[in-house]
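Undergrad: Quick one, fold the following:
(4 chains)
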Number of protein chains: 2
Amino acid sequence: MSTLRDVAKKADVSIATVSRAINNPDKVSSDTLARIRKTMRSLNYNPSRVAQRLRGNKGKSKLLGLIIPDIQNPFYSDIVRGIEDVAYGKKYAVILCNSDENPEKERFYLNVLHAESVDGVILPPIHLYGKVVKQITELGIPLICIDRKFPKLSVDTVVVNNKKGAFAAVSHLIDEGHKRISIITSNTKFSSFQERKEGYKKALEDNGIAYDNSLVKEVDPRSSDDAKEATFELLESTNPPSAIFMTNNLMGLGTLNAIKQIGLKIPKDVSLVMFDDMPWTTITSPSLTAVKQPSYEMGRRACELFFQRIEDPQRECVEVTMETKLIVRDSTGKPLKQNL
Amino acid sequence: MSTLRDVAKKADVSIATVSRAINNPDKVSSDTLARIRKTMRSLNYNPSRVAQRLRGNKGKSKLLGLIIPDIQNPFYSDIVRGIEDVAYGKKYAVILCNSDENPEKERFYLNVLHAESVDGVILPPIHLYGKVVKQITELGIPLICIDRKFPKLSVDTVVVNNKKGAFAAVSHLIDEGHKRISIITSNTKFSSFQERKEGYKKALEDNGIAYDNSLVKEVDPRSSDDAKEATFELLESTNPPSAIFMTNNLMGLGTLNAIKQIGLKIPKDVSLVMFDDMPWTTITSPSLTAVKQPSYEMGRRACELFFQRIEDPQRECVEVTMETKLIVRDSTGKPLKQNL
DNA sequence: GTGAAAGCGCTAACAG
DNA sequence: CTGTTAGCGCTTTCAC
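TA: Prediction:
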């Protein structure tokens, strides 16, 4: 592969001039510029980003680090796509890392990203008070939290209004006449699930329904099977719920499988609302009522925040809260009403 | 951040020794090694991968490039995950790029990956004879094709037995008594869809059913909506098919939506088989019959091939063909039979 | 407007 | 076993 030196030699200028031709074209006379450009083309010159990064200043590495729990969770694929699309517009490339909610892997990848001199890191933090994440910001690497908050640290954050979304979901169920409403949620400390549970509680409370711990199941939010098991327990108990609020798409899938296996009919035997809207929510019978998160837009927004921080490292950190939509569909799968 | 020099100074050795302590620990006396390691720890030293890459030899950059059409397609998320898991085992990081089947984007990202000095590139090629892809291999960057073949170029490839899988799918439909079987496939030149169509044709032929062009729809394989439209045309025609073979999960979703919207019952009114098995195929009523691709394993295999090539750049290129499984499920969603 | 030279952080000879 | 040195390809003063 050809280097700056090759181009310089062939165009009969110094490497400094070639470098200028790339980075400060206006500081090069028009005819040498033309000559250099022609030479670059003929040599198929592709500047080494590695050398640029080693030499260049912070915030110019054109690399962005992304650590997500699991790319196979469509919620995160959406986020990744949103980030990537914005990054592409700025000629940034993205290093993708899957943490599996494993602090070891998070730490490893954070180190890798640092070693790669990325211009920034976007992630849903695993630990509420993880020191590695803190370290990253102390190293001066811009950090954007997405999907989950990182308390006690001033950091740009993009989240969804989990409490409000959950409140709308459960209120919808209550409006339909349900009184025994289960929630299948996570046993983790993530702000997202905490807040969804709060929304659930508030909806009950506002409607004078007592909180019943036997209706609450907490499982690993990544496991459809765990949620399936929990659903069995719920529905095969002596006093089963008449409705279930599923707090993410993976757990939702598990619950749907359990219901199908038991042979229950929706909504005759049990009503459902799922946090997350997925492409497949329209093909069930009837279509699933869902709390749609603007996942793709969250990714875009997070990436935009990142670029804003690069441009102005001094600006105040912001916490962007995006709204969900409650989507109820008719028999053909068309949305009937959409509440914020 | 601390550098080699910082460590060297503090440990009172030369930078070369520190470098050795990292890369060839056995060439350093045990007590200096211990001292250096302690110093590295106290300084929180994290070697710059960027400098290592600039200085070091080919095949040691610990970076892998990945260009896929769209991470939001779960088939590709699975592949990406498989690749990432194997890469993680070797301490490799992955740069993820979405091409949208757009040659411009593919070219851009290929240049970026080259500029980043990645050790290799894994992708499903967009063009059958794209010159940029060829260029990459001429640059000596190991290339692994996945999901689609790149003809006329000896290159490591991981594909699925598309023809056989499609043949099994359509044969299954024929076994159930169907004679008018539609296929919704792609108008692209990708080997995958070409071969699925071949399998479809062969199954018809082997059973003495004439190929009927009016039963064949070719749409953009990324568009559920196009497939939905095509399904409407198919099912609302004067002589509709009694079964439909959907050649990927996105088109399948479109078809399912169309069927639901028309109000047709499965399998009474129309039977279905989909290429791709998805988490949601078990929650439809009845469960969808699917040709399962080992997508995650394909990713793993591709990444393994990459590492094998790094270790032995001279070895012959291989084309790995993985088998699909035809999955027919009972009313609860449990697999009834699985044919290769 | 252009060139010479220093150096980013590291590895790999080459000496000792 | 350890240190010295020469770059990897590039950007950026500082001269001219």
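Undergrad: who's in contact with A:I83?
TA: By Cβ atoms under 8 Å, 6 or more residues apart in numbering or on different chains, the contact set of A:I83 is A:64, A:66, A:94, A:122, A:299-300, A:302-303. (Glycine included, C-beta is placed from N, CA and C.)
Undergrad: ditto for A:L336
TA: Contacts of A:L336 (Cβ under 8 Å, 6+ apart): A:328-330.
Undergrad: Buried ones only from these, please, as a PyMOL command.
TA: Filtering the contacts of A:L336 down to the buried ones (16 or more other Cβ atoms under 10 Å in any protein chain shown) takes a single PyMOL command:
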select buried, chain A and resi 328+329
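Undergrad: can you tell me which of the contacts of A:L336 are in strands?
TA: Using DSSP state E, A:328-329 are the members of the contacts of A:L336 that sit in strands.
Undergrad: Just put the contacts of A:L336 in CSV and tack on pLDDT and distance to DNA strand C.
TA: Putting those into CSV (pLDDT from 0 to 100; distance: Cβ to the nearest atom of the strand, whole Å) gives the following:
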residue, pLDDT, distance to DNA strand C
A:V328, 94, 56
A:R329, 90, 56
A:D330, 82, 61
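Undergrad: Closest to B:D147 out of the contacts of A:L336?
TA: Using Cβ to Cβ, A:R329 comes nearest to B:D147 of the contacts of A:L336, at 33.1 Å.
Undergrad: May I ask you to confirm that the closest one is in contact with A:T289?
TA: Yes. Counting by Cβ atoms under 8 Å, A:T289 is a contact partner of A:R329 at 7.2 Å.
Undergrad: Please identify the buried residues of stretch A:208-225?
TA: Neighbour-count burial for stretch A:208-225 [16+ other Cβ under 10 Å]: A:209, A:215-219, A:221-222, A:224.
Undergrad: For the strand or helix carrying A:F193, which residues meet the burial criterion?
TA: In the assignment (DSSP states H and E), A:F193 maps to helix A:191-206. By neighbour count on 16+ other Cβ under 10 Å, the buried set for helix A:191-206 is A:191-197, A:199-204.
Undergrad: Name the nearest residue to A:D276, ignoring sequence neighbours.
TA: The spatially closest residue to A:D276, leaving aside those adjacent along the chain, is A:N249, at 3.9 Å (Cβ to Cβ, 6 or more residues apart in numbering or on different chains).
Undergrad: How about the contacts made by that neighbour?
TA: A:N249 neighbours (Cβ under 8 Å, 6+ apart): A:73-75, A:274-276, A:278.
Undergrad: again with A:D100
TA: Residues near A:D100 by Cβ under 8 Å, 6+ apart: A:69-70, A:222.
Undergrad: change it to 10 Å
TA: The neighbours of A:D100, taking Cβ atoms under 10 Å, 6 or more residues apart in numbering or on different chains as the test, are A:68-70, A:106, A:126, A:222, B:85, B:88.
Undergrad: repeat for A:K62
TA: Residues near A:K62 by Cβ under 10 Å, 6+ apart: A:49, A:52-53, A:56, A:87, A:90-93, A:118-119, B:112, B:115-116.
Undergrad: Just the buried ones from those residues, in ChimeraX syntax?
TA: Of the contacts of A:K62, the buried ones go into a single ChimeraX selection, burial set by 16+ other Cβ under 10 Å:
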select /A:49,52,53,87,92,93,118,119 /B:112,115,116
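Undergrad: which pair in the contacts of A:K62 spans the largest distance?
TA: Every pair of those checked by Cβ to Cβ; the farthest is A:G56 and A:A87, at 18.0 Å.
Undergrad: my read is A:I209 is in a helix, agree?
TA: No. Going by DSSP: H, G, I helix; E, B strand; the rest coil, the assignment for A:I209 is coil, not a helix.
Undergrad: what's the nearest residue to it if we skip its chain neighbours?
TA: Per Cβ to Cβ, 6+ apart, closest to A:I209 is A:K179, 5.8 Å.
Undergrad: What is the burial count for that neighbour?
TA: 15 (other Cβ atoms under 10 Å in any protein chain shown).
Undergrad: cool, and A:K268?
TA: Close neighbours of A:K268, defined as other Cβ under 10 Å, add up to 7.
Undergrad: again with the one 10 residues further on
TA: When neighbours are counted by other Cβ under 10 Å, A:M278 registers 20.
Undergrad: for it, what are its contacts?
TA: A:M278 touches A:74-75, A:78, A:249-250, A:252-253, A:288, A:290, A:292, B:279-280, counting by Cβ under 10 Å, 6+ apart.
Undergrad: Strands along the stretch 101-250 of chain A, start to end?
TA: A:120-123, A:143-146, A:156-160, A:181-186, A:216-219, A:243-246 (DSSP state E, counting those that start in this stretch).
Undergrad: Give me the three-state assignment for the residue in the stretch 201-340 of chain A positioned nearest to chain B.
TA: Going by Cβ to the nearest Cβ, chain B is nearest to A:W280 of the stretch 201-340 of chain A, at 3.8 Å. Secondary structure for A:W280, judged by three-state DSSP, is helix.
Undergrad: For it, give me the pLDDT.
TA: Confidence at A:W280, expressed as pLDDT, is 96.
Undergrad: and for A:R329 and A:T289, which residues touch both?
TA: Shared contacts of A:R329 and A:T289, defined by Cβ under 10 Å, 6+ apart, comprise A:277, A:281, A:336.
Undergrad: For DNA strand D, state which of these is nearest.
TA: Closest to DNA strand D out of the shared contacts of A:R329 and A:T289 is A:D277 (44.0 Å), distances taken as Cβ to the nearest atom of the strand.
Undergrad: Hmm, that closest one is touching A:N248, no?
TA: No. The pair A:D277 / A:N248 is not scored as a contact, 11.3 Å apart, by Cβ atoms under 10 Å.
Undergrad: Return every residue with contacts to both of the two.
TA: A:75, A:291, A:293.
Undergrad: Residue ranges in chain A under the pLDDT threshold?
TA: Along chain A, segments meeting pLDDT under 70 span A:337-340.
Undergrad: A:S14 touches A:R20, doesn't it?
TA: Yes. The criterion here is Cβ under 10 Å, and A:S14 meets it with A:R20 at 9.5 Å.
Undergrad: quick check, A:T332 in a strand?
TA: No. Counting by three-state DSSP, A:T332 is located in no strand; its state is coil.
Undergrad: so how many other residues sit close to it?
TA: Count around A:T332 with other Cβ under 10 Å applied: 13.
Undergrad: what number of residues lie near the residue nearest to it when sequence neighbours are not counted?
TA: Nearest residue to A:T332, sequence neighbours excluded (Cβ to Cβ, 6+ apart): B:Q261, at 4.5 Å. Using other Cβ under 10 Å, B:Q261 has 16 other residues around it.
Undergrad: tell me which residues in the one helix or strand B:Q261 maps to are buried?
TA: Using DSSP H and E, B:Q261 maps to helix B:249-262. Buried residues in helix B:249-262, counted by 16+ other Cβ under 10 Å: B:249-261.
Undergrad: So which bits of the stretch 201-340 of chain A are right by chain B?
TA: Within the stretch 201-340 of chain A, the positions lying close to chain B (Cβ under 10 Å from any Cβ of the partner chain) are A:224, A:249-250, A:252-263, A:265, A:278-288, A:295-296, A:331-334.
Undergrad: can you rerun that using 8 Å?
TA: Contact residues, the stretch 201-340 of chain A versus chain B (Cβ under 8 Å from any Cβ of the partner chain): A:224, A:253, A:256-257, A:260-261, A:263, A:278-280, A:282-285, A:332-333.
Undergrad: Test my guess that A:I259 contacts A:F232.
TA: No. Using Cβ under 8 Å, A:I259 makes no contact with A:F232, being 9.5 Å away.
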